[in-house]
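Asker: Provide a 3D model corresponding to the input given below.
(2 chains)
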Amino acid sequence: KAGVTQTPRYLIKTRGQQVTLSCSPISGHRSVSWYQQTPGQGLQFLFEYFSETQRNKGNFPGRFSGRQFSNSRSEMNVSTLELGDSALYLCASSLLGTNNEQFFGPGTRLTVL
Amino acid sequence: QKEVEQDPGPLSVPEGAIVSLNCTYSNSAFQYFMWYRQYSRKGPELLMYTYSSGNKEDGRFTAQVDKSSKYISLFIRDSQPSDSATYLCAMALTWNAGGTSYGKLTFGQGTILTVHP
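Answerer: Numbers count the residues shown, from 1 in each chain, chains lettered A, B, ... in the order given. Next comes the predicted model:
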């Protein structure tokens, strides 16, 4: 069974630009969660989508948004990039949600210059 | 104060040693407790998952949960160089509202472990 895939794996942007990251969950999984990982803050929850609806959201500004498509693939968007947005963005899929086992993708390493 | 506290280490042990990794938490509403392992440049992978106090064993790994003390541990027996990674504890709570199930997963900072031959 194919794992969680994320594209692109690496991205370099400049301040003020916007970026879209993509996540394809494991086949049959309906829940997709996004996390930001930085050395200082660790892994922080961004949001969770289930059946195309945002079900939960972390404490991030509105510049961070996401969506989920009918095939459960998900995208997250960050607008007006700031230097502090440089991080590893991880996507995790699960069958039903956060109380189920979550499978993580390899992440997208975003660098903002 | 963070909801989940984990000693970041780094922790360096010789091959064959028993490793003890620990997390404390403040939110008594957490219901599920997990340990993830993350190798460099990879996403975290689930090692252990439990929802009750007590011990759970899987091969060389034992997860221990003490809800009364709000403390969880992961023990690695006969540690190997391939165990060198960052270990993250994670805790989840779920709730229902308006017929919809919600969940929140909170991670510790991660402990960097190196097992040297």
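Asker: most remote residue from chain B's center?
Answerer: For chain B, the largest distance from the centre (C-alpha atoms, centre = their mean) belongs to B:Gly98, which lies 31.5 Å off.
Asker: return the helix or strand in the chain with minimum mean pLDDT.
Answerer: All of this is about chain A. Here the helix or strand of chain A ranked lowest by mean pLDDT, DSSP states H and E is strand A:53-57, holding a mean of 89.
Asker: the intended chain is chain B.
Answerer: Min over SSEs of chain B, mean pLDDT, DSSP H and E: strand B:100-107 (a mean of 80).
Asker: mind listing what's buried along the next helix or strand after that one?
Answerer: Heading C-terminal from strand B:100-107, the first helix or strand you meet, by DSSP states H and E, is strand B:111-116. Judged by neighbour count (16 or more other C-beta atoms under 10 Å in any protein chain shown), strand B:111-116 contains these buried residues: B:111-113, B:115. For glycine as for every other residue, the C-beta is placed from the backbone atoms N, C-alpha and C.
Asker: give me the sheet partners of strand B:111-116 and which way each runs.
Answerer: In the sheet, strand B:111-116 lines up against strand B:11-14 (parallel), strand B:85-97 (antiparallel) (DSSP bridges).
Asker: okay, the angle between the longest one and strand A:53-57?
Answerer: Using axes from the mean of the first three to the mean of the last three C-alpha atoms, to 10 degrees, the interaxial angle of strand B:85-97 with respect to strand A:53-57 works out to 110 degrees.
Asker: now strand B:85-97: average pLDDT?
Answerer: Averaging pLDDT along strand B:85-97 yields 88.
Asker: the shortest one too?
Answerer: Mean pLDDT, computed over strand B:11-14, is 96.
Asker: strand partners (parallel or antiparallel) of the helix or strand just after it?
Answerer: Per DSSP H and E, the first helix or strand lying C-terminal to strand B:11-14 is strand B:19-25. Here strand B:19-25 is paired, per DSSP bridges, with strand B:4-6 (antiparallel), strand B:71-76 (antiparallel).
Asker: export those strands to TSV and tack on mean pLDDT?
Answerer: Shown next, in TSV, are the strands paired with strand B:19-25 (pLDDT from 0 to 100):
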stretch	mean pLDDT
strand B:4-6	94
strand B:71-76	96
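Asker: can you list the ones you listed in TSV and add mean neighbour count?
Answerer: As requested, the strands paired with strand B:19-25 are exported to TSV (neighbours: other C-beta atoms under 10 Å in any protein chain shown):
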stretch	mean neighbour count
strand B:4-6	19
strand B:71-76	20
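Asker: which parts of chain A sit against chain B?
Answerer: A:4, A:33, A:35, A:42-45, A:48, A:55-56, A:90, A:92, A:96-99, A:101-107 (C-beta under 8 Å from any C-beta of the partner chain).
Asker: 10 Å instead, please
Answerer: Contact residues (C-beta under 10 Å from any C-beta of the partner chain) of chain A with chain B: A:3-4, A:6, A:9, A:31, A:33, A:35, A:37, A:39-45, A:48, A:50, A:53, A:55-58, A:88, A:90-92, A:94, A:96-107, A:109.
Asker: buried ones only from those, please, as a PyMOL command.
Answerer: In PyMOL, a selection of the buried entries from these looks like this (16+ other C-beta under 10 Å):
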select buried, chain A and resi 4+6+31+33+35+37+42+43+44+45+48+50+55+56+58+88+90+91+92+94+97+98+99+100+102+103+104+105+106+107+109
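Asker: in helices only, show me the residues of chain A next to chain B.
Answerer: Among those, no member is found in helices (DSSP state H).
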